[in-house]
Each structure stands twice: as C-alpha cells, then as structure tokens.
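Visitor: I need the structure of the sequence given here:
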Amino acid sequence: MSTSPIAELPSDVDALRGLVLAMQRKLDDRDALIAFLQEWKRLHQSRRFGAKSEQLSGEQPALFNEAEATLDAAVAAGESTREDDPVGDPTQIPAHTHAKPGRRPLPAWIERVEVVHDLPDAEKRCATHDVALTSIGHDVSEQLEIIPMQVRVIRNVRPKYACPKCRDGVKTAALPAQLIPKSVATPGLLAYVAVSKYADALPLYRLSGMLARSGIELSRATLSHWMVRFGEAVEPLIARMRADLRAYDILQADETRFPVLKEPDKPATSHAYLWALRGGPPDRPLLLFEYDASRSKEVAKRLLEGFQGYAQTDGYGGYTEVGQSPGIVHVGCWAHARRKFVEAIDGNGGRRGKAVHGTHKASASRARQGLAFIQDLYKIERAVAEAMPDERYRARQERSRPVMEALRIWLDRTIGEVPPQSLTGKALGYLSSQWQKLERVLDDGRLPLDTNRVENAIRPFVVGRKNWLFADTVHGAQASANLYSLIETAKANRLEPFAYLRYVAEHLPRAISSDELDPLLPHRIDRALLADPKARPAAQAIASA
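Guide: Sure, this is the predicted structure:
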C-alpha cells in the first residue's frame, strides 16, 4: 500500500514551519539563479544584436544600405548632395545664413593631365559676319581618375670598367644597401604590403590576388617572408622607441589575444597576447606593441621595467603588482567602470526598450544611477578637452571631485542592496575595488579619464585579426608587433604611413649609430622629408590616431 506525501509531513507545527522555510530558501535561490542567467542571456543578445556604443540610446548602423541611408540622412539634414554645388556658396534663410556643403577642390599636388575639348575649325567662324572667332578664355572642370596598381620595374644598371692594358680586375659601383638583400622588393613595395596588411587589415592571400590581376605573380609565402624580414629589420627602431616611451612619466597599457599556431610547447588552439603601451608627450605620442605567449603579471613587470610615473590600465589583476612597484602610481580606467554599468542595463533589457519588472527593474534603475554619475564626469571632461593641463586640473578639483564624492556615498549605500553575482552587483563591486585607482585621475591634469587611446590603437589589430585569424610563427608575431608599432605611432603623429615606411625601408639599411637611427623614428622624423608629392601615395589624407 502506497504512502501519501501528506502522511510524510511532520506532525509538529514548528518542524513543519522549518520545512516550509527551507523550501522557500531553495525557491529564492532558484529564482536568483534564474534571474542571474536571464541577465546574462539579455546581455549576450545585446552584445550580438544591439548597439555597440555605450550611450543610453542609439540606432543600428546601416550595413547593406549604407549608400541609401547616407543619402537619405544628408537630404533630411538639408545638405547638398550635388557635386556641382560650390563650396561656401551662402544660402539665405530667414532665421540664419549658412554655407552649403559642396565638393572640395582636388589636392594641388596631384598630377594634372589636360584634355582640350576644342570646337571644330568650321565652328570657329562667326556665321553672321564671316570672321574668325577670337579666344577670350576657357572653362576648366576637373575629374579625379585612379590608375589601379600602377607598377614598374627598377633596373639597377652598373657599368663595368677594366684597364685596357692590364688585368687587375673589373670595377663596378656598389649597389645601394637593401633592407632585404637580393630581393626584388623595393622600399615602396615593402611599404605598400605592410600598410595593406597592418593598416588596412588586408590578408596577404587577398593582396597576392590583387597583384595577380595586374600580372604580378607574388605568392603569399613570399609576401609573408618580406614582412617577417621587414619586422626584424626595424628592431633597432623599436628598441629606441621602447626607451623613449619609458622615459616619459605617463603610460597606458592594454592587451588582446594574438593566436599563434606554432608556439613552442603550446597547442595551436592556445592563446598568446599582443601587449600595447602608449606614452610619450602629447605632441610626440608613442605606441609600442609587444608579443608574448603569456598574459601573466611577469610580462607586465618586464614591459614596464625602468618606468617611473603614472601607469594607467584597466582592472586586470596582472597589473596590480606593477602598480605597487616603487615610483609607479597605478591609475584606473573610468571607461571600464562605465562599461560594467552599461552591461548591467543591457542585461536587464534597459537599453533595448523592453519592459522590466520587479528585481530587474530595481537593478536596472541602480545601474542607470551609477552610469549617470560617470556620464557627468565625462561631460566635464568634454568641456575642458582643449584646455591646458593646469586648467583641466582646476576644473577637476572644482567640478569632478564633488561628483566623485557623491558617487562614493551612493556606492557605499547601494552595494549592499544588490546581489553581488548580478551584473549590477558586479558593476558596483568593480567600481568599489578600483576606486582608489580611479580617483587618481584628479591628481594630474595630464591624465585622461580612461585608457581609450591605447584601446583605439589596438582596434586596427583586432580588425585585422578577424581577417587573417592568426600568426603562423613566433617570429611572424614579433615582426607584426614591430610593424604595428611603427604604423600606429606614425598615425598618432599625423604621418602618412606609406610615405613613412617607404622612407624607413630606404634609409634604415645605411643607419648604424643612434644618431642615424633617431631621425628615422616616427615621433622624431622631420615630416618635411615625407612631403615630396611624388613620394606620396594616391591618398593625401593624413591619418589620425
């Protein structure tokens, strides 16, 4: 005979009450776990399908209809979409006067080829008076033409000389020193391949195909070999940049994954890392990339060895011990703190407009409150973005410090009200654990609020990684890091990367001493040396950091 579940309940009221409370605790724990998993599900969906900006609102950017969407936006804003509208032609509107946007003049340095469209001789006579027409001027309009993949062969001709009376040997002039001896690659070709791969994220197999369409057969293996040799050859410049970067008293650090297939003693699926350092004075910034198989604190210590001053990083624990070294002041990143609150809002459906209830509504509300404080700090920073460091320091003492003090009071009151395992709880926990480092931005007006500049320097590499996926060997990874360092530092110093790399590839083989190497550094080079229009690529636009 079966036993009824009711019959198994304890007869004692207190025991029954205890059983109910235990079951309620289990249900509460289960509800908390469900809520936690729902948060992460919403956050994952937001990361995959939602806006990537950390603003509280935003629209999904156009992908396949970019041309149509851009045109529609220009028309809606009242902008001209006609090329023949003159630049600066004022249009009168009752409320105000504004200049119509129009086509910008084509750069003067581009070669001009004149094509004369003249009247036939029969039409150069006046039909009424039967006299020849007199030229009174001409109309000129310009169009831009591109010549795809214009290539040429440099023939190095060396006359040979010999004495007609003796046989002492043949004399010829020595070939100029080459970056890659006995290679067909000129400095311009090496620079073109490097910029295509490391600045434009173009995989070498695709570049090889582009060259093949122009009748140039260069395999991906050959292009890869050139890039490794190029990256190894610039190591003396990288060593000089490393010393200059450590000599300045403000430095930012970050790191990202860098898969390498043939890493010794590691499986091909394991992760290696590209470490990025940004420093140097504002008018001569430096960006240095270093490859390492590890993400450990020992790597961070090695990279910052000899540095004294402010080291600004995110909250990764590998930097903690470095921040405790004598002479180093560890500064935190407000962008990472802000990101945690944005993730909490997304995890509760806040930015995607979904209705949230109960615990989710309270959690999203607290995350929005925390984010509002941090956004106030960024509003102050935008207001003093162009100010001198002393003025920015005073603004932070007068305006930013009170915001931080109010945020700290709110944090202490709120952190105990939110489950620590929830996304909002994690945001509050991160803010609390990083607080001492975060408030150090008040100590010096030169310090930025965040590490966005060094993160932005990593972004071209991350885009490239999506295209070429991994490096094959450690030598290739180190060479890539070196070339990334030169290109990103050149861009940060407003140099055109192709012109700079070509100049380096041409002059580096003859540079031996430090006095010869220093003028080749991207933050020290005389930009007038790169200003010859014939030495520039087709694109004149100066790259920005």
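Visitor: ok, and the closest non-adjacent residue to residue 282?
Guide: residue 446 (7.8 Å; CB to CB, 6 or more residues apart in numbering). Placement of C-beta: from N, CA and C, glycine included.
Visitor: how about that neighbour, secondary structure?
Guide: coil (DSSP: H, G, I helix; E, B strand; the rest coil).
Visitor: burial of it, as a residue count?
Guide: Residues within reach of residue 446, counting by other CB atoms under 10 Å, total 16.
Visitor: give me phi/psi at it?
Guide: phi -80, psi -20 (degrees, to the nearest 10).
Visitor: pretty sure it sits against residue 248.
Guide: No. The pair residue 446 and residue 248 does not pass the contact test of CB atoms under 8 Å, sitting 10.2 Å apart.
Visitor: after the helix or strand hosting residue 381, next one along is what?
Guide: In this structure, residue 381 sits in helix 358-383 according to DSSP states H and E. Later in the chain than helix 358-383, the nearest helix or strand by DSSP H and E is helix 389-395.
Visitor: picking up where we left off before, and the helix holding residue 381, what does it pack onto?
Guide: If you count contacts as 3 or more CB pairs under 8 Å, 6 or more residues apart in numbering; DSSP states H and E, helix 358-383 packs onto helix 13-49, helix 334-347, helix 401-414, helix 423-433.
Visitor: nearest to residue 186, out of the ones you listed?
Guide: Of all the helices and strands packed on helix 358-383, it is helix 334-347 that lies closest to residue 186, at 42.5 Å by CB to CB.
Visitor: coming back round to it: need the helices and strands packed on helix 358-383 in JSON lines with mean pLDDT and distance to residue 380, can you?
Guide: Converted to JSON lines, those look like this (pLDDT from 0 to 100; distance: least, CB to CB, whole Å):
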{"stretch": "helix 13-49", "mean pLDDT": "69", "distance to residue 380": "28"}
{"stretch": "helix 334-347", "mean pLDDT": "90", "distance to residue 380": "11"}
{"stretch": "helix 401-414", "mean pLDDT": "96", "distance to residue 380": "7"}
{"stretch": "helix 423-433", "mean pLDDT": "93", "distance to residue 380": "18"}
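Visitor: can you count the residues close to residue 415?
Guide: By other CB under 10 Å, the residues close to residue 415 number 17.
Visitor: do the same with residue 463
Guide: Residues lying near residue 463 (other CB under 10 Å) number 11.
Visitor: reduced to three states, what does it come out as?
Guide: At residue 463 the chain is in helix, as set by three-state DSSP.
Visitor: contacts only, for the residue nearest to residue 282.
Guide: 250, 282, 389, 392 (CB atoms under 8 Å, 6 or more residues apart in numbering).
Visitor: give me the number of residues near the closest residue to residue 415 other than its chain neighbours?
Guide: Excluding the flanking residues, the one nearest residue 415 by CB to CB, 6+ apart is residue 428, at 4.5 Å. Using other CB under 10 Å, residue 428 has 27 other residues around it.
Visitor: got a list of what residue 428 touches?
Guide: Contacts of residue 428 by CB under 8 Å, 6+ apart are 366, 370, 411, 414, 415, 418.
Visitor: apply 10 Å and report the result again.
Guide: Going by CB atoms under 10 Å, 6 or more residues apart in numbering, residue 428 touches 337, 340-341, 344, 366-367, 370, 410-412, 414-418, 420, 422.
Visitor: alpha carbons of stretch 197-215, in PDB - could you do that?
Guide: In PDB, the C-alpha atoms belonging to stretch 197-215 read as follows (Å, rounded to 0.1, in the frame of the first residue of the first chain):
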ATOM      1  CA  LYS A 197      48.200  44.200 -44.100                       C
ATOM      2  CA  TYR A 198      48.700  46.100 -40.900                       C
ATOM      3  CA  ALA A 199      46.900  49.400 -41.500                       C
ATOM      4  CA  ASP A 200      44.200  48.300 -43.900                       C
ATOM      5  CA  ALA A 201      43.700  44.700 -42.500                       C
ATOM      6  CA  LEU A 202      44.100  43.100 -45.900                       C
ATOM      7  CA  PRO A 203      45.100  39.400 -45.700                       C
ATOM      8  CA  LEU A 204      48.200  38.600 -47.700                       C
ATOM      9  CA  TYR A 205      46.400  36.000 -49.800                       C
ATOM     10  CA  ARG A 206      44.000  38.700 -51.000                       C
ATOM     11  CA  LEU A 207      46.800  41.100 -51.700                       C
ATOM     12  CA  SER A 208      48.500  38.400 -53.700                       C
ATOM     13  CA  GLY A 209      45.300  38.000 -55.800                       C
ATOM     14  CA  MET A 210      45.200  41.800 -56.400                       C
ATOM     15  CA  LEU A 211      48.700  41.800 -57.600                       C
ATOM     16  CA  ALA A 212      48.000  38.800 -59.900                       C
ATOM     17  CA  ARG A 213      45.200  40.800 -61.600                       C
ATOM     18  CA  SER A 214      47.900  43.300 -62.600                       C
ATOM     19  CA  GLY A 215      50.100  40.500 -63.900                       C
END
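Visitor: that one: how far from the chain's middle?
Guide: 21 Å (CA atoms, centre = their mean, to the nearest Å).
Visitor: how about the helices in the stretch 151-300 of the chain?
Guide: For the stretch 151-300 of the chain, the helices defined by DSSP state H, counting those that start in this stretch cover 187-194, 204-213, 220-233, 235-247, 297-303.
Visitor: find the least confident helix or strand in the protein, judged by mean pLDDT.
Guide: Lowest on mean pLDDT, DSSP states H and E among the helices and strands of the chain sits strand 90-93, with a mean of 41.
Visitor: check the contacts of residue 446 and tell me the two furthest apart.
Guide: Going by CB to CB, the pair spanning these furthest: 250 and 392, at 13.5 Å.
Visitor: what do those two both touch?
Guide: 444, 446, 447, 448.
Visitor: if I pick the last one, what's in contact with it?
Guide: If I follow you right, that is residue 448. Residue 448 neighbours (CB under 10 Å, 6+ apart): 250, 252, 312, 331, 333, 334, 335, 381, 385, 392, 441, 454.
Visitor: the last one sits in which helix or strand?
Guide: Spelled out, that is residue 454. Residue 454 belongs to helix 452-468, assigned by DSSP H and E.
Visitor: run a quick check on residue 213 versus residue 149, I expect a contact.
Guide: Yes. In this structure, residue 213 is within contact of residue 149 by CB atoms under 10 Å, at 7.4 Å.
Visitor: so which of these two has more stuff around it?
Guide: The neighbour count for residue 213 versus residue 149, taken as other CB under 10 Å, is higher for residue 149 (12 against 9).
Visitor: residue 311 contacts residue 279, correct?
Guide: Yes. Taking contacts as CB under 10 Å, residue 311 lies within contact range of residue 279: 9.3 Å.
Visitor: list the residues that contact both of the two?
Guide: 249, 250, 251, 252, 253.
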